[in-house]
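Enquirer: here's my sequence, what's the structure:
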Amino acid sequence: MDSLYRLKPYFRRHRWLLIAGFGAILFSNVFEVLVPLIIREAVDGLQEEATMRQFFEYGAMVVIATALSGLFSFATRQTIIVASRKIEYELRNDFYTHLQRLSIPFYHNSTTGDLMAHTTNDINQVRNFLGPGIMYSTSTLVGFVIILGIMLSINSTLTLLALLPLPLISIVVFFIGRIVHRKTIRIQEQFSNITARAQENLSGIRVIKAFTREDYEVDQFKELSEEYYRRNMGLVRVQSLTRPLLYLLVGISIIVVLWYGGFSVIEGRMTMGDVTAMMIYLGMLIWPMIAFGWVFNIIQRAAASMGRLNRIFDIEPEIKDGPDTDYSITELQGHISFKNVTFSYDNENEPVLKNIDLDIPAGKSVGVIGFTGSGKTTLVSLIPRLYDVEHGKLLIDGHPIEKIPLNTLRSHIGYVPQETFLFSESIRENIAFGNGGTEKQLVERVADIAHLSGDVEDFPKKFETIIGERGITLSGGQKQRASLARALARDPRILILDDAFSSVDTYTEEAILARLRDEMRERTTLLISHRISTVKEADEIVVLDNGSIVERGTHDELVERGGIYANLHKKQLLEKELDEM
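Expert: This next block holds a predicted model:
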């Protein structure tokens with residue numbers, strides 16, 4: 001239950017709605033319990049010489065009391081349920097905002113399906129506690145106390161006899177609820193598995209089709225669905241026992257009232273109206289007895305779900321602004337300095353980067369080249385603080401990178417990642433993503449620099465063409481060029497191109513680089529590639545091997561040196577000649 005304490009701030013924000021709801025619950029129950037008393041008077045009136053006018057008055061009072069009870073019941077839902085929806089809205093937004101702030105390593109260890117289950121099922125379970133849970137628990141408690149008091153005043157012995165079987169209702173609901181809870185968790189886990197599988201399959205549909213694995217994936221999804229069906233049917237079988245058991249226990253109470261009440265009427269200790277009222281009140285108590293067990297299980301499920309949410313809420317972002325952050329830093333020129341930087345993922349024994357010393361003056365370009373796994377992507381991932389430096393220092397304009405506000409740092413960087421990701425929006429919206437409302441002229445200009453304009457002209461709606469999930473309707477080269485245009489649209493001081501031309505041919509690459517040179521003069525540029533043609537015009541080229549800088553210099557200097565770079569150059573020249581032949 002401790003996990004639910006995190007909801008206190010939400011309760012405080014909406015306390016007046018909740019207080020109004022509690023007041024409405026009180027009045028709703030008061031008017032509801034008046035109805036059996038009115039009916040008692042009417043039934044007793046049958047034994048006397050009651051007039052039609054009196055029965056009409058009794059009927060009018062029943063209608064008025066019922067209407068007022070319904071009115072306040074409506075007010076209850078308009079306050080407590082509305083408050084629960086507002087809290088659900090705020091909780092979901094807070095959870096999503098927290099996910100956005102978590103660092104990259106968190107997502108390496110979390111599945112999309114599991115996170116989706118948190119944002120749907122878990123938050124919904126919490127809302128059930130905030131709305132129906134609070135409303136029904138309060139209403140049943142108030143109603144139970146009032147009804148019990150009236151029943152005891154009518155006949156205490158009959159009340160106690162009639163109530164003997166009713167606590168069993170709560171016990172039955174409680175124990176069945178615990179079984180339901182366990183089965184519900186297993187269903188939610190399987191739902192997460194189905195969600196994750198479906199998400200992966202739909203995202204990787206091209207790979208599935210390319211390898212003709214459609215039937216296999218369909219069979220796998222069927223197995224997951226059948227297990228989901230089996231778990232749901234297990235839950236249904238348990239729930240199907242609940243209603244007959246409840247009717248049995250309620251029937252026992254009704255028999256007790258009829259038996260003892262009937263003898264009491266014959267002996268003159270009670271009137272027919274008293275027995276009628278007791279029967280109605282007994283019916284009104286059935287739901288509170290059921291609700292006590294039901295609400296307890298709602299609270300249990302909510303506590304379990306909130307506990308799952310809290311485990312994520314309690315994760316502190318590894319990378320964030322700290323006490324040493326200098327918020328006076330609002331502008332960056334782009335002078336980057338790596339000073340003896342060493343870095344490894346997840347405290348691995350073998351560092352990915354080792355003793356990196358690299359100085360990149362503002363406005364200069366640096367090419368980074370090396371074999372696969374040499375640490376090129378890791379090197380540039382440190383600049384926008386996707387990961388933090390473990391040993392050594394990384395400075396921007398002389399400031400330790402930890403002192404620069406994250407928003408300031410990243411707003412000055414245009415990053416084209418190795419794995420291109422586009423959103424299922426229009427081409428224009430994808431290019432304008434980093435700026436929000438980027439002007440049409442700017443979108444067209446950066447698309448032209450990225451050599452994308454010609455392709456866009458062939459699309460049915462030009463820049464307004466929707467490109468599908470992850471840009472599935474675009475080719476790999478078109479995706480990379482759209483990603484490059486998105487980075488340029490930010491007008492960044494630091495431009496990072498991480499293998500940004502791997503999916504385009506050398507002719508297109510040369511055309512893009514020719515247009516990029518004017519852009520690169522005004523900003524610090526890092527070009528990461530396995531192609532010599534991409535980096536050869538850079539002001540300086542560094543060669544990474546096994547996490548260390550083993551060569552550095554201009555293109556001509558490195559070719560003359562006869563090392564790794566020169567060998568790569570010879571190999572790629574030979575490949576080019578063979579292609580031309």
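Enquirer: can you give me the strands for the stretch 351-500 of the chain?
Expert: Using DSSP state E, counting those that start in this stretch, the strands of the stretch 351-500 of the chain run over 353-360, 365-370, 391-396, 399-400, 413-416, 494-498.
Enquirer: to Ser110, which of those lies closest?
Expert: Nearest to Ser110 among these is strand 413-416; the distance by CB to CB comes to 22.2 Å. Using the backbone N, CA and C atoms, a C-beta is placed for each residue, glycine as well.
Enquirer: name the residues that touch that closest one?
Expert: 380, 383-384, 434, 480, 483-484, 486-488, 490-498, 500, 523 (CB atoms under 8 Å, 6 or more residues apart in numbering).
Enquirer: can you do 6 Å?
Expert: With contact meaning CB atoms under 6 Å, 6 or more residues apart in numbering, strand 413-416 is reached by Pro384, Ser483, Leu484, Ala487, Arg490, Pro492, Ile494, Leu495, Ile496, Leu497, Ala500.
Enquirer: ranking by neighbours, what's the top pick from those residues?
Expert: Leu497 (30 neighbours; other CB atoms under 10 Å).
Enquirer: ok, that residue touching Leu527?
Expert: Yes - Leu497 is within contact range of Leu527, at 5.2 Å (criterion: CB atoms under 6 Å).
Enquirer: returning to what we had before: for Val543, find the nearest of the strands of the stretch 351-500 of the chain.
Expert: It's strand 365-370; of the strands of the stretch 351-500 of the chain, that one is closest to Val543 (CB to CB) at 5.6 Å.
Enquirer: partners of that closest one in the sheet?
Expert: strand 524-529 (parallel), strand 540-545 (parallel) (DSSP bridges).
Enquirer: got CSV for those strands, with mean neighbour count and distance to Ser139 too?
Expert: Compiled in CSV, the strands paired with strand 365-370 are given as follows (neighbours: other CB atoms under 10 Å; distance: least, CB to CB, whole Å):
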stretch, mean neighbour count, distance to Ser139
strand 524-529, 25, 64
strand 540-545, 22, 68
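Enquirer: just put these in JSON lines and tack on mean pLDDT and distance to Glu390.
Expert: What follows is the strands paired with strand 365-370, written out as JSON lines (pLDDT from 0 to 100; distance: least, CB to CB, whole Å):
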{"stretch": "strand 524-529", "mean pLDDT": "86", "distance to Glu390": "20"}
{"stretch": "strand 540-545", "mean pLDDT": "86", "distance to Glu390": "17"}
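Enquirer: could I get these as CSV with distance to Leu358?
Expert: Output for these, formatted as CSV (distance: least, CB to CB, whole Å):
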stretch, distance to Leu358
strand 524-529, 10
strand 540-545, 6
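Enquirer: indicate which one of those strands is closest to Gly322.
Expert: Short answer: strand 524-529, nearest of the strands paired with strand 365-370 by CB to CB, at 24.9 Å.
Enquirer: check what pLDDT Asn349 gets.
Expert: Note on Asn349: pLDDT of 65.
Enquirer: hey, where'd the strands end up in the stretch 201-350 of the chain?
Expert: Counting by DSSP E, counting those that start in this stretch, the stretch 201-350 of the chain has strands at residues 336-343.
Enquirer: around Tyr404, how many other residues sit close by?
Expert: Residue 404: Ile, not Tyr. There are 23 residues near Ile404, going by other CB under 10 Å.
Enquirer: quick one, what contacts it?
Expert: So Ile404 contacts Ile329, Ile396 (CB under 6 Å, 6+ apart).
Enquirer: what pLDDT does the model give it?
Expert: Ile404 is given a pLDDT of 85.
Enquirer: now it: how far from Ser69?
Expert: 62 Å (CB to CB, to the nearest Å).
Enquirer: again with Thr534
Expert: 76 Å.
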